[in-house]
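Participant: My questions concern the predicted model and sequence given below.
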Amino acid sequence: MESVPFWNQRSSVNIWLASDWALHSPRKRNKNHPMGNSVKRRQFLQFLGVTSALGVGSASGFLSACQNLPRNRQPQIEGIPHLRTDDLVLTKGLRYDLVAKWGDLINDKGETFGFNNDFTCFLPIEGKSNEGLLWVNHESTIPQFIHNRPTSQLTRSRAEMIEEQKSVGGSIIHIKYKGSKWQLVKGSKWNRRISGRTPIPFSQGRNIQGKNVAMGTIANCAGGLTPWKTFLTSEENYDKFYGEIRWNKGKRIFEGYPGVAWYKKFNYPPEHYGWIVEVDPWTGKAEKQVLLGRAGHEGATCVVTKSNRTVVYMGEDRKGGFIFKFVSDGLHFKSGTLYAADTKNGKWLALDIEKNPILKTQFSNQLEVLTYSHLAGKLVGATPQDRPEDIEINPYNGDILIALTNNSDNKNYYGSVIKISEKNDFDSLDFSYDTLVSGGLESGFACPDNFTFDKNGNLWMTVDIGEGDMKEPHYKMFGNNGLYYIPMGGAHAGHPIQVASAPVDAEFTGPWFSPDFKTLFLSVQHPGSRTAKNMQKPTSQWPDGPGQLPKSAVVAIQGPLLDQLMA
Ligand code: FEO
Ligand code: CA
Ligand code: CA
Ligand code: CA
């Protein structure tokens, strides 16, 4: 028995939960593990609204939807173990095509696919699921790979930093499913780069630090799609590039931080970054949306209220960061109000200098409030969170799910998925707040980061254990970062199942389904990122194998398992 792999011992059942792998070594299985705990299951079902406990207005709609959904059938799915394999490993019934990787030529101008891809968003051409434009964020860059030099030789020239700036931002690529695989349409007029060197105006001609145009977009983490089908890309850890301003009653105090540190050779103001950038898919025209506020934004998830107002939910990924929402007055972003969440009292607090006079103690006008929206949130009493990352809205009950990835300062190493249920519509100022599932040994995952919901209302989640932390005692049992499927109904409701394992050092990011749900687009970000001394021996060889530098890439996942889950 000792020589039989753990997962083969369970051939009579068709599901492996992530907790099985986290709790028990493959050769030592404890049949009485805590995920059998009925209280936990009951709590989760109650949370989902499968019991009669939910009192929110949207619950009845969810219950009827739930009864009609095939997701209550037990999926024929096997989880995979937590692995250390330097490969993209998928569970049985899934396969992938590599759609684009760092350095691929995308157009006749010589522009190339950028570095460290994150958020992806597929926009069909003429309603087709097999052809469209894919937006891809390029969150950051790794100078030792860009210049193929060890970190000890990375004092870079200004020209070399410009090369790095061109590798971040985003790509628009025209892709098509042809010959049984997803392919880049070479020479398409729509293939283009928006980069750290693309001049981008601020919305409505606003002037920030003396200019109404910023140099480029950077730190593009998660994002969103507007109701009018433009891409939103969120600028997150801009401080690692251009530093940060500590604002104190009209005084700007600059602080530089380690990282790629372009501020050492470029004096672009930190206030030009941290915005939500809107990009027209067909023209590439971009604009920084000032009314949505400036912070280290992870994403920008849009939804339309019954009264035709667009609401945008945004996480602020920093220790003690806030959850923000912007509520437009009409459909578009021409006017509206930015709020920060007080989750202790279930209130959205307006970051509006006229409605909240305390803001006048620091700021002299609303543009300053929007520019330093973390400080504004702190002043009005928003609740600090353990690093809010991606946000998605449950299509069946309107719950807003938020990944709180971790916060070592609070000894929260594994993070959690929380939910906000708005009292009435998405523009409500009152909400209830709860925890959906916590990371850790019992749930079998750590550090939730990105989400997407599938056709049947089940959740797909990627995690991000820092590559420098993966071998630490808190994390080593989780293996490489993974992609998890969380059934939201049926026999395994609430139990994460790992369906993909990332190459060494990498995280999966940006999951997004094609409109027919036959393809899941996914980014593989920063494989081999701990490579420091010997460029001939990178810590990962994915995806090109020996003798090549590792490369971030976007993959398209398909297969009979996905078809079955979407039936
Ligand atoms: Fe870019 Fe918060 O991850
Ligand atoms: Ca993220
Ligand atoms: Ca998402
Ligand atoms: Ca993260």
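Facilitator: Alright, I've got the coordinates. Ligands and ions are numbered 1, 2, ... in the order given.

Participant: So which helix or strand of the protein has the lowest pLDDT on average?
Facilitator: None of the helices or strands of the chain scores lower by mean pLDDT, DSSP states H and E than helix 59-68, at a mean of 28.

Participant: Quick one: name whatever helix or strand follows it.
Facilitator: Where DSSP states H and E defines the elements, the next helix or strand beyond helix 59-68 is strand 89-90.

Participant: Spell out which residues of the stretch 451-567 of the chain are next to ligand 4.
Facilitator: Within the stretch 451-567 of the chain, the positions near ligand 4 by Cβ under 5 Å from the ion are Asp464. For the C-beta atoms, the positions are set from N, CA and C on the backbone; glycine is no exception.

Participant: Write out the residues of the chain neighbouring ligand 4.
Facilitator: When proximity is defined as Cβ under 5 Å from the ion, the chain approaches ligand 4 at 449, 464.

Participant: Show me where the stretch 301-450 of the chain has its strands.
Facilitator: Using DSSP state E, counting those that start in this stretch, the strands of the stretch 301-450 of the chain run over 301-304, 310-315, 319-321, 323-328, 336-342, 347-350, 385-386, 388-393, 400-404, 416-422, 431-438, 448-453.

Participant: Dump the ones you listed to a markdown table, plus mean pLDDT.
Facilitator: Below are the strands of the stretch 301-450 of the chain laid out as a markdown table (pLDDT from 0 to 100):
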| stretch | mean pLDDT |
| --- | --- |
| strand 301-304 | 98 |
| strand 310-315 | 98 |
| strand 319-321 | 98 |
| strand 323-328 | 98 |
| strand 336-342 | 98 |
| strand 347-350 | 98 |
| strand 385-386 | 98 |
| strand 388-393 | 98 |
| strand 400-404 | 98 |
| strand 416-422 | 98 |
| strand 431-438 | 96 |
| strand 448-453 | 98 |
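
Participant: Could you point out the longest strand of this structure?
Facilitator: Of all the segments assigned as strand in the chain under DSSP state E, the longest by residue count is strand 169-178.

Participant: Tell me the first helix or strand C-terminal of that one.
Facilitator: Towards the C-terminus, the helix or strand next in line after strand 169-178, according to DSSP H and E, is strand 181-184.

Participant: Neighbouring strands of the following helix or strand past that following strand in the sheet, and parallel or not?
Facilitator: Using DSSP H and E, the next helix or strand after strand 181-184 towards the C-terminus is strand 192-195. As defined by DSSP bridges, the strand partners of strand 192-195 come to strand 169-178 (antiparallel).

Participant: and the strand it pairs with, is it in reach of ligand 1?
Facilitator: No. Contact of strand 169-178 with ligand 1 (Cβ under 6 Å from any ligand atom) is absent, the minimum separation being 13.7 Å.

Participant: How far off centre is that strand?
Facilitator: 19 Å (Cα atoms, centre = their mean, to the nearest Å).

Participant: for stretch 227-235, same thing?
Facilitator: Using Cα atoms, centre = their mean, the mean C-alpha position of stretch 227-235 is found 14 Å from that of the whole chain.

Participant: For ligand 2, what is the nearest residue in the stretch 51-200 of the chain?
Facilitator: Asp118 (6.4 Å; Cβ to the ion).

Participant: And for the helix or strand hosting that residue, what's in contact with it?
Facilitator: Using DSSP H and E, the element containing Asp118 is strand 117-124. Contacts with strand 117-124, where a contact means Cβ atoms under 8 Å, 6 or more residues apart in numbering, come from 102, 131-139, 171, 175, 220-225, 229, 231, 233-234, 281, 299, 450, 509-515, 521-525, 552-554.

Participant: Would you mind naming what in the stretch 351-500 of the chain lies close to ligand 1?
Facilitator: Glu389.

Participant: Of the contacts of strand 117-124, which ones also sit close to ligand 2?
Facilitator: The overlap between these and the neighbours of ligand 2 (Cβ under 5 Å from the ion) comes to Cys221.
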